[in-house]
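Coordinates for the following, if possible.
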Amino acid sequence: MESYPLMRYMGSKYKLIPWFYEAFSELEFDSALDAFSGSGVVSYLFKSMDKQVYSNDFLNFPSTISKALIENNQTTLEEEDIRALTNMDVKSDDFIEKTFHKVFYSKDDLVFLDKISHNIAQLTSPYKKALALTALFRSCLKKQPRGVFTISGNLEKYDDGRRDLKISLQRHFLEQVAIYNEVVFDNQQENQSLHSSIFEIDTQSCKPDLVYLDPPYVPASDDNCYVKRYHFLEGLSKYWHGEQIMEDTKVKKIQKKYTPFSYKKTAIEAFENMFDKFSDSIIALSYSSNAFPDLDTLVSLMKNQKATVEVKTKSHRYNFGNHSKAMRANVVEYLIIGKD
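Below is the predicted model of the structure:
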């Protein structure tokens, strides 16, 4: 698991993986659904434990990551693929260059993104496409100050001397391809990457023994929107096809996608419906002490579906961003496990 590339992703459970491993090792299950996969690190843990993994997210770019690293068991990008992907002599659209001029990245980097997006589309293997995009996502995150797409314009004030901010996106991409090629492996299971609302997952074809849930938290303010922070990666994953850009926003955001977990008036019902939907599986809910609903409410809701509910706790500090004023939240992380 230490080889899994760390993505600067809001709410990432990367540092909690050893704790999760201990907890999941105590349970008997052969298949697992990671219902809100995000960066894919928990899905990758399940895969490393030789479980059959269903990895799902309602956003497209996390589903692309799980296509590359969870569903894909053996395909990597070869030298001829890399040469084709980095061929800058091709004729391509200039959508990114025009749309994000003076918003994100230099002109050369924007041209590169247009060209490589064209070249990725020419790949015939869905796993090679997903792997190339995943390498591109991490490249964009590393080159973007603070790892989010909420700031624009003159970014020199965010330059703290990091190499990541100085090298080109093409250089980043080549480095990330080498890294991701190394973490593709075969766990001898037929794993699946899903792209769906959790409530639309077909439980007839996806019948996991264990369901791991890490839904968005109701925010104290508008601070939990993944589209707001990663709209550029979501657009890049599909070259903005089917997405409407909000032209009046400085960073050219796309429309926010609705989730009932983000609002107090709908969150409790959403948890009730979610627990009911997966009542035939072991349920493992990851949640934070600073979130709504509170622990007692969640335990009570889970007990409506499960005979026994156990709560594991661990102190945890979320670090978001690597600048001097990065948000640091000291919380207690809950792993609420319901079994029959």
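
who touches the spatially most central residue of the chain in this structure?
Nearest to the mean C-alpha position of the chain, counting by Cα atoms, centre = their mean, stands residue 38 at 2.3 Å. Residue 38 makes contacts with 9, 11, 12, 57, 62, 214, 226, as judged by Cβ atoms under 8 Å, 6 or more residues apart in numbering. C-betas here are computed from N, CA, C, even on glycine.

would the second one count as being in a strand?
In this case it means residue 11. No. Applying DSSP: H, G, I helix; E, B strand; the rest coil, one finds residue 11 to be coil, outside a strand.

Return the distance of it relative to residue 333.
The gap separating residue 11 from residue 333 is 11 Å, by Cβ to Cβ, to the nearest Å.

Show me which of those two is the more surrounded one.
A count of neighbours by other Cβ atoms under 10 Å puts residue 333 above the other of residue 11 and residue 333, at 20 against 17.

Give me the nearest residue to that one, chain neighbours excluded.
residue 316 (4.2 Å; Cβ to Cβ, 6 or more residues apart in numbering).

thought that neighbour was touching residue 17?
No. With contact defined as Cβ atoms under 8 Å, residue 316 does not count as touching residue 17 (11.8 Å).

quick one, strands of the stretch 151-300 of the chain?
Taking DSSP state E, counting those that start in this stretch, the strands of the stretch 151-300 of the chain run over residues 192-195, 210-213, 282-288.

Please report the distance of residue 124 from residue 75.
Distance of residue 124 to residue 75, computed by Cβ to Cβ: 11 Å.

With residue 226 instead?
Counting by Cβ to Cβ, the gap from residue 226 to residue 75 is 27 Å.

Which one of the two is surrounded by more residues?
Applying other Cβ under 10 Å to residue 226 and residue 75 shows that residue 226 carries more neighbours, namely 24 against 17.

Point out where the stretch 201-340 of the chain drops to low pLDDT.
219-224, 317-329 (pLDDT under 70).

Going along the chain, name the helices of it.
226-236, 264-277, 295-303 (DSSP state H, counting those that start in this stretch).

quick one, which of the ones you listed is nearest to residue 31?
helix 264-277 (16.1 Å; Cβ to Cβ).

Could you list every helix and strand in contact with the closest one?
Helices and strands touching helix 264-277, by 3 or more Cβ pairs under 8 Å, 6 or more residues apart in numbering; DSSP states H and E, are helix 295-303.

returning to that earlier point: partners of the residue nearest to residue 333 in the sheet?
residue 331 (DSSP bridges).

Could you number the chain from 80 rather than 1 from now on?
Let's use 80 as the start, then, which means that last one is residue 395.

what's the neighbour count on it?
Residue 395 has 17 neighbours, counted by other Cβ under 10 Å.

dump the residue contacts of it.
94, 95, 367, 409, 410, 411, 412.

ok, now how distant is the last one from residue 183?
Spatial separation of residue 412 from residue 183 under the definition Cβ to Cβ is 32 Å.

ok, residue 284 to residue 367 distance?
Taken as Cβ to Cβ, the span from residue 284 to residue 367 is 32 Å.
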